[in-house]
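Engineer: can't give you the sequence, but here's the structure:
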């Protein structure tokens, strides 16, 4: 009872037990203030670097030396060597001016089916060009019956610029004139277009067109080249097959833009069948195409093209002087 | 000496003796104080203090007014002590006893029972109080346990579970749409009888439950024969339009799973993600040469017939496995003994899928081939895969038993699996013998449903030709329910089973004895 007089409990006289030290030093608010900014900044930097280097390379820029377009032409080996040389020179001249590449294939290079018209080789040739130049954004197919007459303007400013293309493309026009119920789409954006070609009075003009490389182009070319189309004996072979798939398959139609014929596929005035004046070549047009002679086996295209070839050479030599 | 109030202790110590107030004041300085802590008011006030004035100032400070307790109060007041003593006491009043030093030891602890003390009824009565005290002392842990319990409850709440399993960034269920083709040929080609109705009911219910369980979308489509798909005109290509419509209807979904009506999901507790999509790379194969019932030459080679020609294809189209990345898979199909099977297949929303669905039906193809294409859209797909080389890098195959197992009788007879299951064929350090695999329903050639391997789904393909669709559906439904019993059901079954066995054994014995 010695403690009775103290109303409050007495403090223990034993020394307080020391707290066990923590093995992990705790983060004090002061530390957070001091180092927090550095930690957050460093983390962001690391994250940014990882993000930067983990992106797939293909989405970035094209590898250096990639041409802006590849000019594709299929040549019939039965034509004379000088003619073929002239055609090649004509393409190469244009390509050299604007940094494009060229791709030439023989019509006999590809395994068409027995008895198929040689013109079908256009399709595998395009696929082949795409394999050879996988990063080139555009393919420019030009039939061997066509010549580039005005090589000054690059394709990009002439056609491929999306705004330019939007202003040029012909919308709501029957795909096969005059009365196809399938019309070109009206609300397409220029940068969604993968396939640019022209129309002549009979239908789609396959002698000169532009095709954007990529997955869609693979699908399109494979579909176009399907054995059942080849064996169907379309009257105009691959050209009719093209008209067929454009009209029956929306995923092809909605990538297609028609442009005025003289932009890239002017026809020569044909004494046999008047084309109408719309698409007839005039001096200064980009391309001249001897389309009607190419369709007719009896005519000699080499001879018919000779004057125009001479004219092209004259123009070129004038410029050089 | 008469006191008007009984003497009562003052909180500071000492005694108030009001009765003494009328007597002469005591000189406090000379008087012995009963307690050392008792304040000396006279000194504080600076002067001789009368009892009255001391009492008044004391009341001001302590406001202590001892009161006479009336002996007879209301029921509540009389019993309130009993009630309150049953409640947990949150702190022991320090003023209760003076021996603070002793009390210190027990403070904050549950008053324990010494081992030599015996349990009494009082201990039991104390129990609620002890529990209350325990909960109070272990607040943090109690909170954690409560949170855990709450989490478990919420996790298992069907509505909530459906929501989080569906959510694109949680379970991702809304990325999947199940398209179930119901009412096959209904209305025109066949008259639906009670069996057909029953099949439809069971199948739809099975898919509905599965979709609800995992938060998938379920699109039940009517395959009734329509004029625009009628005779020789895109008949059975309506699948294509249906898939396209579903893609439009569910613009945020990624994968679309076509399912025939004659299918039954046997393991509804397995999600599509866990079953297939979380690991597409190992669950699928790109190279058709691994199992190639159609003998499609792969990789595509246009120079095969005549090597003199140029091979114009790009490296990815020429590769046996495409680019080999699971991200490039846009169509997932299985192969049965006769080639592609479209009873159960998946397509992913992509530009490529649009193109495939677009080219799948073409009048020129149809005109030339519709007599040969017995399986219509299935043959057309095989044709496109074979002849358009750019298609192949987007197609992957799934072993049939994973997404489209057949019952015995479809595609030949069930070859069964080895004793220890298909896994027993994999021997560490040794290559798997293809001949071994082909003997059984294992690997890529496995086609038929295996109960022991708990296959995910069964598709009673071709049951309408000479087999009993409803019978198969019924049996598979029963089997699925049996395989997926919960523990309680299993226990009940075990009890009744063992009871029956014992009883029947006795009965059988008695019967046998009688016969003797």
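Structural biologist: Perfect, I can see it now. Computed from a predicted structure; not experimentally measured. Numbers count the residues shown, from 1 in each chain, chains lettered A, B, ... in the order given.

Engineer: can you give me the helices in the stretch 151-300 of chain A?
Structural biologist: A:155, A:162-168, A:215-224, A:227-230, A:237-248, A:250-253, A:261-264, A:291-295 (DSSP state H, counting those that start in this stretch).

Engineer: so which of those helices comes closest to residue B:287?
Structural biologist: Among those, helix A:215-224 comes nearest to residue B:287, with 19.5 Å by C-beta to C-beta. Where you see a C-beta, it was placed from the backbone N, CA and C, and this is true even at glycine.

Engineer: weakest of the helices of the stretch 151-300 of chain A in terms of mean pLDDT?
Structural biologist: Least confident of the helices of the stretch 151-300 of chain A, judged by mean pLDDT, is helix A:291-295 with a mean of 77.

Engineer: buried residues, the very next helix or strand once past that one. List them.
Structural biologist: As assigned by DSSP states H and E, the chain's next helix or strand after helix A:291-295 is helix A:301-320. Buried residues in helix A:301-320, counted by 16 or more other C-beta atoms under 10 Å in any protein chain shown: A:301, A:302, A:304, A:305, A:308, A:309, A:312.

Engineer: please, which helix or strand holds the residue lying closest to the second one once chain neighbours are set aside?
Structural biologist: What that stands for is residue A:302. Nearest non-adjacent residue to residue A:302, counting by C-beta to C-beta, 6 or more residues apart in numbering or on different chains: residue A:83, 4.8 Å away. Using DSSP H and E, residue A:83 sits in helix A:81-98.

Engineer: follow-up on the earlier one: would you format the helices of the stretch 151-300 of chain A as TSV with mean neighbour count included?
Structural biologist: Formatted as TSV, those follow (neighbours: other C-beta atoms under 10 Å in any protein chain shown):
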stretch	mean neighbour count
helix A:155	20
helix A:162-168	14
helix A:215-224	23
helix A:227-230	19
helix A:237-248	20
helix A:250-253	18
helix A:261-264	22
helix A:291-295	20
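
Engineer: how close does the residue nearest to residue A:302 get to residue A:310?
Structural biologist: Distance, residue A:83 to residue A:310, by C-beta to C-beta, to the nearest Å: 13 Å.

Engineer: and the next helix or strand past the longest helix along chain A?
Structural biologist: Counting residues, the longest helix found in chain A (DSSP state H) is helix A:29-54. Downstream of helix A:29-54, the first helix or strand assigned by DSSP H and E is strand A:69-75.

Engineer: any idea of the angle that following strand forms with helix A:81-98?
Structural biologist: On the basis of axes from the mean of the first three to the mean of the last three C-alpha atoms, to 10 degrees, strand A:69-75 is oriented at 170 degrees to helix A:81-98.

Engineer: what comes into contact with strand A:69-75?
Structural biologist: Strand A:69-75 has contacts (C-beta atoms under 8 Å, 6 or more residues apart in numbering or on different chains) with A:84, A:87-88, A:91, A:94-95, A:98, A:100-107, A:121-122, A:125-126, A:129, A:132-133, A:136-144, A:155, A:210.

Engineer: can I get the buried part of those as one PyMOL selection?
Structural biologist: Selecting the buried subset of the contacts of strand A:69-75 in PyMOL, with 16+ other C-beta under 10 Å as the burial test, is done by:
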select buried, chain A and resi 84+87+91+94+95+98+100+101+102+103+104+105+106+107+121+122+125+126+129+133+136+137+138+139+140+141+142+143+144+155+210
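
Engineer: intersect the contacts of strand A:69-75 with the contacts of chain B.
Structural biologist: When contact is defined as C-beta under 8 Å from any C-beta of the partner chain, these meet chain B at A:105, A:125.

Engineer: element containing the closest residue to residue A:110 other than its chain neighbours?
Structural biologist: Leaving out its chain neighbours, the residue that sits closest to residue A:110 by C-beta to C-beta, 6+ apart is residue A:124, at 4.0 Å. Secondary structure assignment for residue A:124, by DSSP H and E: helix A:122-132.

Engineer: swap in residue B:143?
Structural biologist: In this structure, residue B:143 sits in helix B:139-155 according to DSSP H and E.

Engineer: circling back: can you lay out the buried residues of helix A:301-320 as JSON lines showing pLDDT?
Structural biologist: As requested, the buried residues of helix A:301-320 are exported to JSON lines (pLDDT from 0 to 100):
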{"residue": "A:301", "pLDDT": "82"}
{"residue": "A:302", "pLDDT": "85"}
{"residue": "A:304", "pLDDT": "86"}
{"residue": "A:305", "pLDDT": "88"}
{"residue": "A:308", "pLDDT": "89"}
{"residue": "A:309", "pLDDT": "90"}
{"residue": "A:312", "pLDDT": "90"}
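
Engineer: now render those as JSON lines, adding distance to residue A:197.
Structural biologist: Putting the buried residues of helix A:301-320 into JSON lines (distance: C-beta to C-beta, whole Å) gives the following:
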{"residue": "A:301", "distance to residue A:197": "21"}
{"residue": "A:302", "distance to residue A:197": "25"}
{"residue": "A:304", "distance to residue A:197": "23"}
{"residue": "A:305", "distance to residue A:197": "22"}
{"residue": "A:308", "distance to residue A:197": "22"}
{"residue": "A:309", "distance to residue A:197": "24"}
{"residue": "A:312", "distance to residue A:197": "23"}
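
Engineer: so which of the residues you listed is the closest to residue A:204?
Structural biologist: For the buried residues of helix A:301-320, the nearest to residue A:204 is residue A:301 (20.8 Å; C-beta to C-beta).

Engineer: so who does the spatially closest residue to the closest one that is not a sequence neighbour touch?
Structural biologist: Sequence neighbours aside, residue A:293 is the residue nearest to residue A:301 in space, at 4.5 Å (criterion: C-beta to C-beta, 6+ apart). By C-beta under 8 Å, 6+ apart, the contact set of residue A:293 is A:145, A:270, A:299, A:300, A:301, A:304, A:305.

Engineer: try 7 Å this time
Structural biologist: Contacts for residue A:293 (C-beta atoms under 7 Å, 6 or more residues apart in numbering or on different chains) come out as A:145, A:299, A:301, A:304.

Engineer: over to residue B:256?
Structural biologist: B:177, B:179, B:243, B:246, B:247, B:346, B:347.

Engineer: restricted to helices, list those residues.
Structural biologist: Members of the contacts of residue B:256 lying in helices (criterion: DSSP H): B:243, B:246, B:247.

Engineer: just checking, the second one touches residue B:180?
Structural biologist: No: under the criterion of C-beta atoms under 7 Å, residue B:246 is not in contact with residue B:180, lying 10.7 Å apart.

Engineer: picking up where we left off before, of the contacts of residue A:293, closest to residue B:238?
Structural biologist: Among the contacts of residue A:293, and counting by C-beta to C-beta, the member closest to residue B:238 is residue A:145, at 44.6 Å.

Engineer: neighbours of the closest one, how many?
Structural biologist: By other C-beta atoms under 10 Å in any protein chain shown, the residues close to residue A:145 number 23.
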